[in-house]
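Q: Sequence first, predicted model second:
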Amino acid sequence: MNRPPLGPLHVLTDARGGPQALAAVAAAVAAGAPVVQVRAKDCTDRVLYEFAGQVVDICRPAGATCLVNDRVDIALAVGAAGTHLGADDLPVAAARRVAGPGHLIGGTARDPELARRLVAEGADYLGVGPAYPTTTKTGLPDALGPARIGAVAAAVAVPVIAIGGITAERVPELLAAGAAGVAVVGAVSGSADPAAATRQLLRALAAHVR
Ligand SMILES: Cc1ncc(COP(=O)(O)OP(=O)(O)O)c(N)n1
Ligand SMILES: Cc1nc(C(=O)O)sc1CCOP(=O)(O)O
Ligand SMILES: [Mg+2]
């Protein structure tokens, strides 16, 4: 089974979607972002479907991997490579049954026990956070910090992607703790210069490859 590649930098879209979010994605992909996750909230299925299709169209020619947050149906409908699922979304095992073996599936885990369970269900990678305090999403537990991210990474054989409050300066300690990569919203999608922000994160990741 050949699943698409999973790079070390996941750029998540501004959850409001729209042309500005797309422009940031285009800049990030042009700057070399290997993975884009479509994360749009509070919109209709039709709007999400159209937005996700536009992100796939940006990613495909550049060879970037496109994932869709929350919705395996939308991911399959637009030909995205995978889906990221959290505690309120379709369970990983159910999404795997729907999407089949070639679809990348990520799950959100915050501790080693859940991490092992999600991998047993069929997750290809785990998003683990919040690594640090973040203002992008409310209702999250306290920040885990690099050590607790590392404990999750040590418990599983799949890549762990740290998320939450991540900047280029924080990349070294996360990789040193065992993360395989990072996922960001604000650092790229909220940046005045998403291309420069992407390059800075990629440099930090390349300098600290384990
Ligand atoms: C890489 C990555 N990790 C974690 C998340 C969070 O997903 P989820 O728990 O489903 O929360 P929402 O993103 O839906 O608010 C993620 N999206 N990506
Ligand atoms: C969407 C999301 N999920 C998180 C989790 O810990 O599960 S933290 C987060 C927000 C990440 O945004 P930023 O890079 O701007 O901090
Ligand atoms: Mg979700």
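A: Thanks, I have the structure now. Ligands and ions are numbered 1, 2, ... in the order given.
Q: and the residue of the chain found nearest ligand 3, what does it touch?
A: Checking the chain residue by residue against ligand 3 with C-beta to the ion singles out G86 as nearest, at 3.5 Å. Using the backbone N, CA and C atoms, a C-beta is placed for each residue, glycine as well. The neighbours of G86, taking C-beta atoms under 8 Å, 6 or more residues apart in numbering as the test, are 70, 107-108.
Q: Test my guess that C43 contacts F51.
A: Yes - shown here, C43 and F51 form a contact pair, counting by C-beta atoms under 8 Å, at 7.4 Å.
Q: Would you pull up how far the longest helix anywhere in the chain lies from the middle of the chain?
A: Criterion DSSP state H: the longest helix present in the chain is helix 45-62. Averaged C-alpha coordinates place helix 45-62 at 16 Å from its chain's average position (C-alpha atoms, centre = their mean, to the nearest Å).
Q: now for it, which elements pack on it?
A: If contacts are counted by 3 or more C-beta pairs under 8 Å, 6 or more residues apart in numbering; DSSP states H and E, helix 45-62 sits against helix 18-30, strand 35-38, strand 65-69, helix 72-78.
Q: Show me what the second one is packed up against.
A: When contacts are defined as 3+ C-beta pairs under 8 Å, 6+ apart, strand 35-38 packs onto strand 9-12, helix 18-30, helix 45-62, strand 65-69.
Q: Around C66, count how many other residues there are.
A: Residue crowding around C66 was assessed by other C-beta atoms under 10 Å; the count is 26.
Q: For it, give its distance to A81.
A: Taking C-beta to C-beta, to the nearest Å as the criterion, C66 is separated from A81 by 6 Å.
Q: and what of A196?
A: To A81, A196 is 26 Å away according to C-beta to C-beta.
Q: For these two, indicate the residue with more neighbours.
A: Neighbour totals were compared for A196 and A81, and A81 leads with 22 against 13 (other C-beta under 10 Å).
Q: got a list of what that one touches?
A: 3-4, 65-67, 103-104.
Q: sorry, back to before: show me what counts as buried in the longest helix of the chain.
A: Using 16 or more other C-beta atoms under 10 Å as the burial criterion, the residues of helix 45-62 that qualify are 48-49, 51-56, 58-59.
Q: Contact residues of the protein facing ligand 2?
A: If contact is defined as C-beta under 6 Å from any ligand atom, the residues of the chain in contact with ligand 2 are 108, 129-130, 134, 136-137, 140, 163-166, 184-187.
Q: restrict these to those near ligand 1?
A: 108, 129, 137, 163.
Q: which pair in those spans the largest distance?
A: The most widely separated members of these are T108 and K137, with 11.2 Å between them, by C-beta to C-beta.
Q: one step back: who wins on neighbours among the residues of the chain next to ligand 2?
A: Comparing those by number of neighbours (other C-beta under 10 Å), I163 comes first, having 31 neighbours.
Q: which residues touch that residue?
A: Contacts of I163 by C-beta under 8 Å, 6+ apart are 10, 127-131, 182-184.
Q: ok, now V35?
A: Applying C-beta under 8 Å, 6+ apart, one finds that V35 lies in contact with 6-7, 9-11, 64-67.
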